[in-house]
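**Q** sharing a model prediction with you, sequence too.
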There are 2 protein chains.
Amino acid sequence: MSTVPAFKRLPRAVREQQMLDAAVKVFSRRGFHAASMDEIAEDAGISKPMVYAYLGTKEELFVACLHREGTRMMQAIAGAAAPDLPADERLWRGLKAFFGFVGAYRDGWAVLYRQARGEQPFAGELATMRARLVEVVAGMLDHALRAEGREIAALDLEVVAYALVGATESLADWLADHPDADPEKTATRMMNVAWLGAAQLLHGVTWCPPAD
Amino acid sequence: MSTVPAFKRLPRAVREQQMLDAAVKVFSRRGFHAASMDEIAEDAGISKPMVYAYLGTKEELFVACLHREGTRMMQAIAGAAAPDLPADERLWRGLKAFFGFVGAYRDGWAVLYRQARGEQPFAGELATMRARLVEVVAGMLDHALRAEGREIAALDLEVVAYALVGATESLADWLADHPDADPEKTATRMMNVAWLGAAQLLHGVTWCPPAD
DNA sequence: GCGTAACCCTACGCACGAGTAGGTATGCTC
DNA sequence: GAGCATACCTACTCGTGCGTAGGGTTACGC
């Protein structure tokens, strides 16, 4: 009895992407633990054993999501911020690319930023990616500083870079919650906060705590 | 057969605090879902039904943690940053109080910042608290701006405040991972990034995207 | 000293969800 | 058109962990 199959058979590569799309969507809304494999499978329009066959266990599936979205993001940034540009131009292009990514893949961003941070097994991997970003920003600042003939303790540099990355992430979060906001405009605003402060530092202006 | 009880009977108020301490500790390490009521009870040196009797279900327990740590934090900040001080002084004291809180209650901070963000039922409450903070910072900036005879669109103000709060949270996170770092020094570094940038904005200096 | 209330326990029921066993249909190759 | 690999399913097992039933013991008022 050859009934017409309700939905087509598709090649593995296509189905894998559909599953990853569904997984990113569900993980972003529910978080790792609250998400169920059944829901992901249903959302992908497929049955659960298929997910296990293609992407493995729940943990492996989550790692696959992290990996896809993470490299997607890093490549977007790296592709935009060429290392031979001046610092402000580089920062600007990097920010534009970053906010572009967040705007285009809000769920992916939510998984990376909101969900993967607290979960023990994955926090490490995420921290590494984040650390790479911080290092890049710190390197940029250091480069700009040396060009001005100045220098700063490595630890201070790292912390400043950390703050800049944090501010950026925070605005990204804001962007993810305001679907009608413009990514490029957000990048401009970020430049206004970050670059003006950083430029001051570059020129040797610093703030000191009051005597008491 | 009156055996000596292994551990003392304690009044409710004391046990509740012990339970909350244990809950904050476990939730901060494992996250809401991965944390088990059994582990929390064991860590508090008590049996599970006691936790249910005093603090209710797992969700209610988590909310209680959020509430205690949240008000603890907000009161620390509000108590330090008196509204009649000049803007930079106020910002400085607020930051000092905030980083002091994070340094003293690292687990509490981790629950608020790392764990409660992604979990659907609690994200709202957290967002409200965060929004209150952003509003305070935005109000401070607005106040300082008006004192200079200048003005800025409300949305821009909100976004800048958002970025500052995000940068601060990010440094707090850094602090939580570096136990030997000094909270006050961290606050100073934050001032260097935030205030210098904000002061520029206050004086009307802005950054514009390049023509192309 | 006796009731009553507060403190505290061991031991379970039960649902939910990760992962699998075992089988069917479709297309591709020779 | 036989054989085989690939795509896909329904229907289960079983562990884990939330929440509770039911009962014991210490303190405190009177």
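**A** That came through, no problem. Numbering: from 1, shown residues only, chains lettered A, B, ... in the order given.
**Q** what's the lowest-mean-pLDDT helix or strand in chain A packed up against?
**A** Within chain A, judged by mean pLDDT, DSSP states H and E, the helix or strand with the poorest mean is helix A:183-202; its value is a mean of 85. Packing partners of helix A:183-202 (3 or more C-beta pairs under 8 Å, 6 or more residues apart in numbering or on different chains; DSSP states H and E): helix A:87-104, helix A:120-147, helix A:154-177, helix B:154-177, helix B:183-202. (Each C-beta comes from the backbone N, C-alpha and C, glycine too.)
**Q** now the angle from it to helix A:87-104?
**A** Compare the direction of helix A:183-202 with that of helix A:87-104 by axes from the mean of the first three to the mean of the last three C-alpha atoms, to 10 degrees and you get 150 degrees.
**Q** list the buried ones in helix A:183-202?
**A** Using 16 or more other C-beta atoms under 10 Å in any protein chain shown as the test for burial, helix A:183-202 gives A:183, A:186-202.
**Q** check stretch A:147-163 too.
**A** Buried residues in stretch A:147-163, counted by 16+ other C-beta under 10 Å: A:152, A:156, A:157, A:158, A:159, A:160, A:161, A:162, A:163.
**Q** CA atoms only: put that stretch into PDB for me.
**A** C-alpha atoms of stretch A:147-163 as PDB (Å, rounded to 0.1, in the frame of the first residue of the first chain):
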ATOM      1  CA  ALA A 147      51.300  54.500  17.700                       C
ATOM      2  CA  GLU A 148      50.800  57.400  20.100                       C
ATOM      3  CA  GLY A 149      54.000  56.600  21.800                       C
ATOM      4  CA  ARG A 150      52.200  55.500  25.000                       C
ATOM      5  CA  GLU A 151      51.800  52.300  27.000                       C
ATOM      6  CA  ILE A 152      49.500  50.800  29.600                       C
ATOM      7  CA  ALA A 153      49.800  47.800  31.900                       C
ATOM      8  CA  ALA A 154      48.600  44.600  30.300                       C
ATOM      9  CA  LEU A 155      46.000  44.000  33.000                       C
ATOM     10  CA  ASP A 156      44.500  47.400  32.600                       C
ATOM     11  CA  LEU A 157      44.300  46.900  28.900                       C
ATOM     12  CA  GLU A 158      42.600  43.600  29.300                       C
ATOM     13  CA  VAL A 159      40.000  45.000  31.700                       C
ATOM     14  CA  VAL A 160      39.200  47.900  29.500                       C
ATOM     15  CA  ALA A 161      38.800  45.600  26.500                       C
ATOM     16  CA  TYR A 162      36.600  43.400  28.700                       C
ATOM     17  CA  ALA A 163      34.400  46.400  29.500                       C
END
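**Q** any idea how far it is from the chain center?
**A** How far stretch A:147-163 lies from its chain's middle: 23 Å, per C-alpha atoms, centre = their mean, to the nearest Å.
**Q** that stretch close to chain B?
**A** Yes. Counting by C-beta under 8 Å from any C-beta of the partner chain, chain B is contacted by stretch A:147-163 at A:156, A:159, A:160, A:162, A:163.
**Q** nearest to residue B:53, of the helices and strands packed on helix A:183-202?
**A** helix A:120-147 (29.6 Å; C-beta to C-beta).
**Q** the closest one packs against which elements?
**A** In terms of contacts (3+ C-beta pairs under 8 Å, 6+ apart), helix A:120-147 is packed against helix A:58-80, helix A:87-104, helix A:154-177, helix A:183-202.
**Q** which secondary structure state does residue A:32 sit in?
**A** Three-state call for residue A:32 (DSSP: H, G, I helix; E, B strand; the rest coil): coil.
**Q** that one is in contact with residue A:120, isn't it?
**A** No. Judged on C-beta atoms under 8 Å, residue A:32 makes no contact with residue A:120 at a distance of 10.2 Å.
**Q** how near is the closest residue to residue A:33 other than its chain neighbours to DNA strand C?
**A** Nearest residue to residue A:33 in three dimensions, chain neighbours excluded: residue B:33, at 3.2 Å (C-beta to C-beta, 6 or more residues apart in numbering or on different chains). Going from residue B:33 to DNA strand C by C-beta to the nearest atom of the strand, to the nearest Å gives 10 Å.
**Q** for burial, what's the neighbour tally of residue B:33?
**A** Counted with other C-beta atoms under 10 Å in any protein chain shown, the neighbours of residue B:33 add up to 18.
**Q** give the contact list for it.
**A** Residue B:33 is in contact with A:31, A:32, A:33, A:34, B:119, counting by C-beta atoms under 8 Å, 6 or more residues apart in numbering or on different chains.
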